[in-house]
Structures are given as structure tokens and as C-alpha cells.
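Undergrad: no sequence on this one, just coordinates:
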């Protein structure tokens, strides 16, 4: 008796989930009094979910969960190989998992130096008016970028998601267009975003496979920020906000990523696992309850973690070459495929449409029938995003303070009769090209950027350190202090030029392991 996915491996009998229920029972009655109610609540739903899944599989051993909105996939993140899949390329509503792309675009701003973790994000009237779940900020208040990230990861705050969209894209519609373009650039060919939060919109769709691409891209491109997805508790304004992801801290190796729920989507979960050199990215969409979704995810991890490669990361980086998949989804709203409707008789045990991700202690409610489809507007391509605010277009030296570092110590006075003091810059600096110097033969390749500063000497030092850490990978690359002028301010980008796509990918992977920031681009 086993569950099989399309062209996939065997999943162990679902009866094994009963063991997980027993473990939850022990937690429920051994937890501290303050936590006992929560765990008893979760355990009761978990046991009921296991019973329902067991009954389904006992009657139909080859069947996936009966809900038509169900989809699932397990991908070996090291090799890129799909280990399991059911409806993995079919359109589904992402719910709050859409916020992972919102954070991706925010991480880009941090990586470029256009924002810092301490930058303040203003809360507009529109942001403050969003439906729960939200942080409850008032118009005119601000929140730091770091707190905004944590509020998204834990509470799945819709007000904060809209504030991020308005900070980066001026308005949420333009930001959603940016989200869609980024998704397609990464290879998420069947994804279309209509808002930054994941709140209900018939036209907002993705697939389970596309979500695995997003999770892998976030970790590969932004390893220093990916750690935020494992935040289990966030203290804000005197309140301890717990993460909706119940697998964090309970399943060995789970370090993210995001839950999501609306009535149309069901209970969704995007999960990252790192264990004993192996790495999985898995998705469950359309779960009938949060505990049932979590139980199935737990079983998928248990079934497939041993199949994952422990030979290191051998798959191409997502940003360098999008994985082949389904045909691209047209941007015209009229051509967007609709996910199947959830059964009107289905019982949704936690959450609410207006509460896109709040799964903690919500009452059992019957799902309302899906709303009538609204005729989409005439087919038209998405309008291009408006010009970004100049402040975000090119970072200033002040915004790049995290790179600049302390000023050098003053030179020591020279003893009489002695020669001039040796140069403070490393000997390799003479080989660092300036962007206003001619470069021949390296404009048709790839460059990698590892930082920026208004101090050219610091850029040279950074390039020297990077070359020392990378070994032979950057031996033939040309270090470049690329000069950028913004008004009266001048700063320099630390780059290596003259690489092909494979060497740029390898160099970035090596440098990130050594603690450097790095991204690659076509020269």
C-alpha cells in the first residue's frame, strides 16, 4: 500500500504517520503549561488528519489525496533531480508563499546596497488597511527592513508585504509586475503574481515545481539572508510572534521556508531541508488541514532524504540557467489557466480567506463555495514597472557603508634620511583595472560582483582577498574597480570580468562559502 507520484518514487505506507501522531501526543502532555493548549490543539487535528489520509489510501492505494487542488513535489537541491511529483506542473494559487518572491526582490535591494537592514520602510494607509494576518501598524509608522523580513517570515504580515512593495516599486501593482518578470527570469515559467501578499486573486497562480525553483534561487543567490526563513520566534513591540511553520525545530534539518493558506488554495507549504550533506526542497499544495499537510510533508521528507545526493552542489545555479520546464505562461490575464476549484463540501479546519496564513488556534469552519469567476480584462501584456526611484537606481556611498569599513590609520612619520613610506595598498592593486580604462576581449563574457565602496583602495583589497580565497577559479579573470558616478558622489564596484558562465557560477559558489557576497551577470 503506497502512494506514487507521476514518474516518481514510492512513498511509504501512510500508516507510518501514526508514529508522528504519537510523538505529538507526548509533546502535548509533556510541554510547559503555557504551551500545552497549543500542542493539544495541534495534536487533535493531526490525529484526525492521519485517520482521514489512512482511510483514503486504504481504499485507493494508488491515489494521491482526493482534493483536486492537491499538488506535491520533492526535488534534490544538490543535483536538481525530481524525486517525487504529483500535479507538480499544474496551476495552483500560491497564497502566502507569494511573499517569498516579495522577499527575493527585497534581498536584491540589500545585496546591491540600495537598502540596509536598518533602512526604514514607511507604512501607507493602503498597507495598514490590508486584511489579516498583519502586524497591525498604523499609517505613518515605519518598520526596519530586518523587522519587516521577520514579520513576513513569522506572522506572514500582509501590511508589511504591501509596504515593501510600495518601497521598492512605488505601488503594489507595479511591484507585482516586477515579481512576475523576476519569476520568469528564474525559469518559473507558469507563475503570475497580482499582489505582494498572496491574498486571494483568481489570476495569481504558480505551480509546485515553480516554487522549488524559487526556494533554490533564494538560497543560492542570498545565503546570508536565507537564514531568516528559519526564524522560529520574532519579538516585536513587546510581543513574541511565533512562526506558522510547525516543522521548524521539530523535523531534523528543516530550515524554512513558508506556509500559506486561502480557501481557494488550501493549505500550502514550501520546505527546505539540509541534513547530513543532503538537501531537499519540497512542496505540498492544497492540503485540507494544516496538520494533514504537515504530516504529508514529514512523510515525503522521510521517504526521500536518503535518495538525495550527498556529493555537494552539482546542479546549475538557478540564476545562471533556468531549468527546462513547461511552456511559458502568457502574461495576458485572459490566458491565465485557472486552478481547479476546491470541493464546496470540503471542511477547512483552520484559517480564513482574510487571514492568508494565520493557522494558530483558528476555529473549525466550513469552506464557502468558491466565488463566481470574474471575467478577466481583455488580453494585454503587463504594463512595465514605472521608473524606480533614483535613490534605488544606484546606491550612494552612504548606502554602501556596510562595505566601506573603518578609515585607514594615519601614516607614521618618516625618520630623517629615510625613503618614502611604502604604499598601503597591496602589490596586486596595480593590476586592478579601472572601468574608464579600455578593456579588450572581455565584454562578451560574464562578470561577478562582490561588493562596492567609495574607497578605491578598499575595493582593491576586496578583490585581492577574493582572488586569494578562490584559488585557481579566478586566476584568469580580470579584477576591475568599476567607477560609478552619481551626482557629485563617486564609488567603485568590485568585479571580476572575462569569465564564462560556468566559471562565474563556480567562482560565486566558492566565494559565498568563504563569506563573500557575490552575484553574476552577463558583461
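TA: That came in fine, so what should we check first? From a predicted model like this one, the values you see are computed outputs, not experimental measurements. Residues are numbered from 1 along each chain as shown.
Undergrad: now the residue lying closest to residue 134 once chain neighbours are set aside, what's its secondary structure?
TA: Excluding its sequence neighbours, the residue lying closest to residue 134 (Cβ to Cβ, 6 or more residues apart in numbering) is residue 159, at 4.0 Å. C-beta coordinates here come from the backbone N, C-alpha and C atoms, glycine included. Secondary structure, DSSP: H, G, I helix; E, B strand; the rest coil: residue 159 is helix.
Undergrad: ok, residue 259 touching residue 245?
TA: Yes: contact criterion Cβ atoms under 8 Å: residue 259 and residue 245 qualify, at 5.4 Å.
Undergrad: so what sits against both of those two?
TA: Common neighbours of residue 259 and residue 245, counting by Cβ atoms under 8 Å, 6 or more residues apart in numbering, are residue 269.
Undergrad: Residue 184 belongs to a helix, doesn't it?
TA: Yes: Residue 184 sits within a helix when classified using three-state DSSP.
Undergrad: tell me the pLDDT at it?
TA: Residue 184 is assigned 95 on the pLDDT scale.
Undergrad: what do you get for residue 328?
TA: Residue 328 is given a pLDDT of 50.
Undergrad: Same check on the one 4 residues further on?
TA: Looking at residue 332, its pLDDT reads 51.
Undergrad: where does the stretch 401-523 of the chain have low pLDDT?
TA: 401-444, 486-487, 522-523 (pLDDT under 70).
Undergrad: Repeat that for the stretch 1-150 of the chain.
TA: Along the stretch 1-150 of the chain, segments meeting pLDDT under 70 span 1-66.
Undergrad: the helices in it, which residues?
TA: With helices called from DSSP state H, counting those that start in this stretch, the stretch 1-150 of the chain shows them at 17-30, 33-59, 99-112, 125-128, 145-154.
Undergrad: Kindly report the same for the stretch 401-523 of the chain.
TA: Along the stretch 401-523 of the chain, counting by DSSP H, counting those that start in this stretch, helices occupy 401-404, 456-470, 501-513.
Undergrad: looking at these, which is closest to residue 229?
TA: With distances scored as Cβ to Cβ, the stretch of the helices of the stretch 401-523 of the chain nearest to residue 229 is helix 501-513 (16.7 Å).
Undergrad: Mind giving me the packing neighbours of that closest one?
TA: strand 446-453, helix 456-470, strand 519-522 (3 or more Cβ pairs under 8 Å, 6 or more residues apart in numbering; DSSP states H and E).
Undergrad: The shortest one pairs with which strands, parallel or anti?
TA: On the basis of DSSP bridges, the sheet neighbours of strand 519-522 come out as strand 446-453 (antiparallel).
Undergrad: I'd like the helices of the stretch 401-523 of the chain written out as TSV, with mean neighbour count and distance to residue 337 added.
TA: As requested, the helices of the stretch 401-523 of the chain are arranged in TSV below (neighbours: other Cβ atoms under 10 Å; distance: least, Cβ to Cβ, whole Å):
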stretch	mean neighbour count	distance to residue 337
helix 401-404	17	43
helix 456-470	20	44
helix 501-513	19	32
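Undergrad: secondary structure class for residue 268?
TA: Going by three-state DSSP: residue 268 is strand.
Undergrad: Okay, now the unreliable bits of the stretch 201-350 of the chain?
TA: Looking at the stretch 201-350 of the chain by pLDDT under 70, you get 319-336, 344-350.
Undergrad: Strands along that one, start to end?
TA: With DSSP state E, counting those that start in this stretch as the criterion, the stretch 201-350 of the chain has strands at 233-236, 239-242, 254-262, 266-275, 278-287, 347-348.
Undergrad: can you give me the end-to-end distance of stretch 224-233?
TA: 19 Å (Cα to Cα, to the nearest Å).
Undergrad: and if you look at stretch 307-316?
TA: 19 Å.
Undergrad: just stretch 153-172 next, same as before
TA: Note: stretch 153-172 ends 19 Å apart using Cα to Cα.
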